[in-house]
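show me how the following folds:
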Amino acid sequence: NENSEQSRKCHPTKAGLLSGFLICGHCGRRLRKAAGVFRRKGKADYVCDSPRKFPDSTCHQWRAWEEEVLPAVTSWLVENIDREVLKR
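Residues are numbered from 1 along each chain as shown. Prediction:
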């Protein structure tokens, strides 16, 4: 629908480069881009929402800084994409 395409708005405070890709190592839920007092100026971090969404969760709001995990994510993607390309 053309109207819905035009009405979409970018939410840079909610969407990040690794949004939906990072998984909490404790509970297995996806991390979301965080906003607020814990943010370093101009640096993105991702946090587990389990404690907020699921009060009975034993998970804590684990946090990962984009600048620290991006090199490992990039390496993993290159390795796995190269493997698939070589298979074909």
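
V69: what's it in contact with?
18, 22 (CB atoms under 8 Å, 6 or more residues apart in numbering). Every C-beta, even on glycine, is put in place using the N, C-alpha and C of the backbone.

what helix or strand is it located in?
helix 66-87 (DSSP states H and E).

list the buried ones in that helix?
Using 16 or more other CB atoms under 10 Å as the test for burial, helix 66-87 gives 66, 69.

only alpha carbons, please: show that helix as PDB.
Taking C-alpha atoms only, helix 66-87 is exported to PDB below (Å, rounded to 0.1, in the frame of the first residue of the first chain):
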ATOM      1  CA  GLU A  66      27.500  -2.500  19.600                       C
ATOM      2  CA  GLU A  67      31.100  -1.400  19.200                       C
ATOM      3  CA  GLU A  68      32.200  -4.400  21.300                       C
ATOM      4  CA  VAL A  69      30.200  -7.100  19.500                       C
ATOM      5  CA  LEU A  70      30.100  -5.800  16.000                       C
ATOM      6  CA  PRO A  71      33.500  -7.200  15.000                       C
ATOM      7  CA  ALA A  72      32.500 -10.700  16.200                       C
ATOM      8  CA  VAL A  73      29.200 -10.500  14.400                       C
ATOM      9  CA  THR A  74      30.800  -9.300  11.200                       C
ATOM     10  CA  SER A  75      33.300 -12.100  11.300                       C
ATOM     11  CA  TRP A  76      30.600 -14.700  11.900                       C
ATOM     12  CA  LEU A  77      28.500 -13.300   9.000                       C
ATOM     13  CA  VAL A  78      31.500 -13.300   6.600                       C
ATOM     14  CA  GLU A  79      32.400 -16.800   7.600                       C
ATOM     15  CA  ASN A  80      28.900 -18.200   7.200                       C
ATOM     16  CA  ILE A  81      28.100 -16.400   4.000                       C
ATOM     17  CA  ASP A  82      31.500 -17.500   2.500                       C
ATOM     18  CA  ARG A  83      30.700 -21.100   3.400                       C
ATOM     19  CA  GLU A  84      27.300 -20.900   1.700                       C
ATOM     20  CA  VAL A  85      28.800 -19.300  -1.400                       C
ATOM     21  CA  LEU A  86      31.500 -22.000  -1.600                       C
ATOM     22  CA  LYS A  87      28.900 -24.800  -1.200                       C
END
